[in-house]
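**Student:** only the shape, not the letters, is given here:
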């Protein structure tokens with residue numbers, strides 16, 4: 001990996017190296033995706049301990065289920081799909097669907113990790129966070145994937161098991177719903 005010093009190595013390349021026997025490549029993959037994946041999972045399950053556990057489980061499934069990843073999507077998209085499914089199974093098992101909370105994402109994970117996105121760039125984090133809490137689950141999820149995780153419509157569609165067109169429409173509706181919630185809560189531009 002010495003030739004890669006000074007430039008980012010895509011997750012797919014690191015994953016191929018791992019499959020070829022390079023354990024350090026998988027460690028680099030974990031470092032690359034861990035904070036964002038944890039925040040995504042925590043937003044679904046609202047439990048720090050379970051979010052950590054499910055993050056580890058998602059990486060374990062990636063490492064052990066190597067034959068399933070066929071590079072039809074980015075590795076990040078594939079990994080987030082695993083995390084979404086694990087989180088849903090956890091919630092179903094617990095019998096309570098929870099809503100995505102953005103407090104942790106806005107402030108960063110408890111271990112000091114950082115996250116990007118439109119809320120962090122806004123002077124009105126609290127307004128946006130409160131409005132996001134009022135949105136339907138799919139609306140929150142699509143906005144989280146597009147804005148917090150910087151996924152394309154295509155990749156978000158793969159995670160949510162929807163077509164790119166469905167994601168575009170869902171995102172448009174979600175942004176409209178977010179704007180409506182902001183206005184209903186007294187936010188003025």
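**Tutor:** That came through, no problem. Values in this document were obtained by computation on a predicted structure and should not be read as measured data.
**Student:** state the number of residues packed around residue 69.
**Tutor:** 17 (other CB atoms under 10 Å). Every C-beta, even on glycine, is put in place using the N, C-alpha and C of the backbone.
**Student:** and residue 48, by the same measure?
**Tutor:** Residues near residue 48, counting by other CB under 10 Å: 14.
**Student:** quick one: contacts for residue 14?
**Tutor:** Neighbour list for residue 14: 25-26, 28-29, 32 [criterion: CB atoms under 8 Å, 6 or more residues apart in numbering].
**Student:** show me the residues you listed that map onto helices.
**Tutor:** Among the contacts of residue 14, DSSP state H puts 25-26, 28-29, 32 in helices.
**Student:** now do the contacts for the residue nearest the centre of the chain.
**Tutor:** Geometric centre of the chain, nearest residue: residue 40, 3.9 Å, by CA atoms, centre = their mean. Contacts for residue 40 (CB under 8 Å, 6+ apart) come out as 80, 83-84, 144-145, 148-149.
**Student:** mark which of those residues are part of helices, please.
**Tutor:** Going by DSSP H, the helices hold 80, 83-84 from the contacts of residue 40.
**Student:** residue ranges in this structure under the pLDDT threshold?
**Tutor:** 1-8, 66-67, 70, 95-127, 129, 185-189 (pLDDT under 70).
**Student:** from the ones in helices among the contacts of residue 40, which is closest to residue 13?
**Tutor:** Closest to residue 13 out of the ones in helices among the contacts of residue 40 is residue 80 (18.3 Å), distances taken as CB to CB.
**Student:** separation between that closest one and residue 29?
**Tutor:** Counting by CB to CB, to the nearest Å, the separation of residue 80 from residue 29 is 13 Å.
**Student:** pick out whichever of the two has more residues nearby.
**Tutor:** residue 80 (27 against 24).
**Student:** now the ones in helices among the contacts of residue 14 as CSV including distance to residue 137?
**Tutor:** Formatted as CSV, these follow (distance: CB to CB, whole Å):
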residue, distance to residue 137
25, 35
26, 32
28, 33
29, 28
32, 27
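**Student:** out of these, who has the most neighbours?
**Tutor:** Among these, residue 29 has the most neighbours (other CB under 10 Å), with 24 neighbours.
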